[in-house]
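Asker: my questions concern the predicted model and sequence given below.
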Amino acid sequence: MVLEELAEVSARVAATSSRSRKTELLAELFARTEPSELPVVIAYLSGRLPQGRLGVGWRVLREPVAPAERASLTVGQVDTAFTEMAAVKGAGSQAGRRRLVEGLWGAATEAEQRFLYGLVTGEVRQGALDAVAVEAVARASGVPVAGVRRAVMLSGSLEEVATAVLAGGEEALSGFGLVVGRPVQPMLASSSGSVAEAALGPCAVEEKLDGIRVQVHRVGERVSVYTRTLDDITVRLPEVVELARALPAERFVLDGEVLALDGEGRPRSFQETAGRVGSRLDVGTAAETLPVSVAFFDVLAVEGRELLDLGYAERAGALAALVPEVARVRRSVVADPGAEGAAERAEGFLAEALARGHEGVVVKGLDSVYAAGRRGAAWRKVKPVRTADLVVLGAEWGHGRRSGKLSNLHLGAREPDGSLVMLGKTFKGMTDEVLAWQTERLGELAESDDGHVVKVRPELVVEVAFDGLQRSSRYAAGVTLRFARLVRYREDKPVTEADSVASVRAAAGWDG
DNA sequence: TTCCGACAGTGGGGTCGCAAT
DNA sequence: ATTGCGACCCCACTATCGGAA
């Protein structure tokens, strides 16, 4: 297979908005790919690199390389070049990778360079990633899509599943069940505005802990710990390994959250937990100075039994039989949401979780199965939302479908002396209509434009929602908003009445 | 015919580790 | 020693397609 063909298909996929047409184009390509090249072709067309990290980013790619006149590269040559880049280590590695980039880019045509750039930066922008590729593999092989999807979620590898079903058809799916020791795509939660909105049927209301999601596998004495993206972080979490080894089963898969607690058992900030779990060097010292706890909320397999397709109530029973209460998340079961006082109890549990310092709750249907890799309605998270009225200090030109639109707002709060201090940005919550409106309005207020950031006269106030504050060394305010999103423009509100840093801190529960 | 679930895209901030300065 | 970059944690929200109702 030549690279030119891949770049062409990718461009055609990007050019159509129809998902079924995208699927068709990918399926045609997969069907005519040699089995030996399939893993690489599938990875590229779903926007991933088999090598994972290359150590090559926008900075290394900034200086353009003259393109080749004629296409000549094969997929195999590209894969070899990426493997070489990923292998470069130590002093001089940046220059070494840059030389390899120059070699590869120089052999690529302009269209091929565009495709390679998207691959390396993780921004293929063809409107088709894993989910569409899964459908295309199903179509190319004639195997039902649900079976392919399940195999991918349980094995974590579309490439392997595709190679198997394209060669062996539906029968090949039997080789892709849950394997203890091999990570599974975790089930995710969607967002909900309130407990009442989330608790529509019999459900469990569980504390939502603000830490790192972990999947813990044990086979005999071998324990492995994986992140949400299936990275192996076993060596960073000796406490979790030790706990798993002490549980009364030889073989299991647990789903939970890791976080650091203070002396009184209250959760430390996400920043502290993330720093500890992110530390790879001298884990022993890190574990001593900032030990972490783990709280499990689900079990996917235990001994010989696979539990994914059982209802949540049954899985919770199996979890309680395996894991002591101190290592399980707190929960409250609402068997009949319509019953007298049920809503109050659920709300009460949320209030208690918040009082204990946690993020909120997750509401889970008691009869729901474990839908690996899906962000379905079976799990709904509920977190309190804060709002602040902030001043627009500037905006950044958007990319992709936001090209030509002012998108990312720079947000400021007042200080006692009347000055304005920046404490974050946001690009979320904007409809196309708002984008068009703010591009024009901010254009009128513009004081400067360096092609990236447009600074404006601080005259507009926006209502911004956020989840809380974080310490910040980037912003003069010393804090920044977590997950800030635009709610609406407050043209009725003068800048002099916008929130101050102190009032934002107070709103977020930071005593200040 | 309308509704709604699932996806992709558009970026946010922090922290760590490593290489370059 | 400090700085910049890449990778990876956490993530919200809107537009769109296409199957479900």
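Answerer: Great, that's in hand.
Asker: give me the pLDDT for the residue nearest to A:T426 when sequence neighbours are not counted.
Answerer: Distance criterion CB to CB, 6 or more residues apart in numbering; nearest residue to A:T426, sequence neighbours excluded, is A:A484 at 4.1 Å. C-beta here means a position set from N, CA and C on the backbone, and glycine is covered the same way. We have a pLDDT of 97 for A:A484.
Asker: would you confirm that A:A484 contacts A:F466?
Answerer: Yes. Checked against CB atoms under 8 Å, the pair A:A484 and A:F466 is within contact range at 4.5 Å.
Asker: show me the common contact partners of the two, please.
Answerer: For the pair A:A484 and A:F466, residues contacting each of them under the criterion CB atoms under 8 Å, 6 or more residues apart in numbering are A:G424.
Asker: ok and the residue in the stretch 151-300 of chain A nearest DNA strand B?
Answerer: The stretch 151-300 of chain A approaches DNA strand B most closely through A:G275 (3.0 Å), counting by CB to the nearest atom of the strand.
Asker: I'd guess A:A14 is in a strand, am I close?
Answerer: No. When the secondary structure is assigned by DSSP: H, G, I helix; E, B strand; the rest coil, A:A14 falls in helix instead of a strand.
Asker: thinking it is in contact with A:E123, fair?
Answerer: No. Using CB under 8 Å as the test, A:A14 is too far from A:E123 to be in contact (11.5 Å).
Asker: for the residue of the stretch 401-512 of chain A found nearest DNA strand B, give me its contacts.
Answerer: Closest contact between the stretch 401-512 of chain A and DNA strand B, by CB to the nearest atom of the strand, is at A:S472 (2.7 Å). Applying CB under 8 Å, 6+ apart, we find A:S472 in contact with A:L423, A:G424, A:G478, A:V479, A:T480.
Asker: which residue sits closest to the third one, ignoring its sequence neighbours?
Answerer: Residue nearest to A:G478 in three dimensions, not counting chain neighbours: A:S472, with 6.3 Å by CB to CB, 6+ apart.
Asker: so what does the one you found have for phi and psi?
Answerer: Listed backbone geometry of A:S472 is phi -140, psi 130, with angles given as degrees, to the nearest 10.
Asker: run a quick neighbour tally on A:G256.
Answerer: The tally of other residues near A:G256 (other CB atoms under 10 Å) stands at 26.
Asker: leaving out sequence neighbours, find the closest residue to it.
Answerer: What sits nearest to A:G256 in space, not counting adjacent residues and going by CB to CB, 6+ apart, is A:F296, at 3.6 Å.
Asker: need the residues of the stretch 151-300 of chain A near DNA strand B, please.
Answerer: A:Q271, A:A274, A:G275, A:G278, A:S279, A:R280, A:L281 (CB under 7 Å from any atom of the strand).
Asker: so for the second one, what's the pLDDT?
Answerer: Model confidence at A:A274, expressed as pLDDT, equals 96.
Asker: let me see the contact set for it.
Answerer: With contacts defined as CB under 8 Å, 6+ apart, A:A274 is in contact with A:I212.
Asker: you'd agree it is in a helix?
Answerer: Yes. Membership of A:A274 in a helix is supported by three-state DSSP.
Asker: state the phi and psi torsions of A:K428.
Answerer: With angles defined as degrees, to the nearest 10, A:K428 sits at phi -90, psi 150.
Asker: hmm, back to that, as JSON lines, the residues of the stretch 151-300 of chain A next to DNA strand B with secondary structure and distance to A:V504 would be great.
Answerer: Output for these, formatted as JSON lines (DSSP: H, G, I helix; E, B strand; the rest coil; distance: CB to CB, whole Å):
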{"residue": "A:Q271", "secondary structure": "helix", "distance to A:V504": "18"}
{"residue": "A:A274", "secondary structure": "helix", "distance to A:V504": "22"}
{"residue": "A:G275", "secondary structure": "helix", "distance to A:V504": "24"}
{"residue": "A:G278", "secondary structure": "helix", "distance to A:V504": "27"}
{"residue": "A:S279", "secondary structure": "coil", "distance to A:V504": "31"}
{"residue": "A:R280", "secondary structure": "coil", "distance to A:V504": "35"}
{"residue": "A:L281", "secondary structure": "coil", "distance to A:V504": "36"}
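Asker: got those as a markdown table, with distance to A:A246 columns?
Answerer: Supplementary listing: those in a markdown table, determined by distance: CB to CB, whole Å:
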| residue | distance to A:A246 |
| --- | --- |
| A:Q271 | 30 |
| A:A274 | 26 |
| A:G275 | 26 |
| A:G278 | 26 |
| A:S279 | 24 |
| A:R280 | 25 |
| A:L281 | 27 |
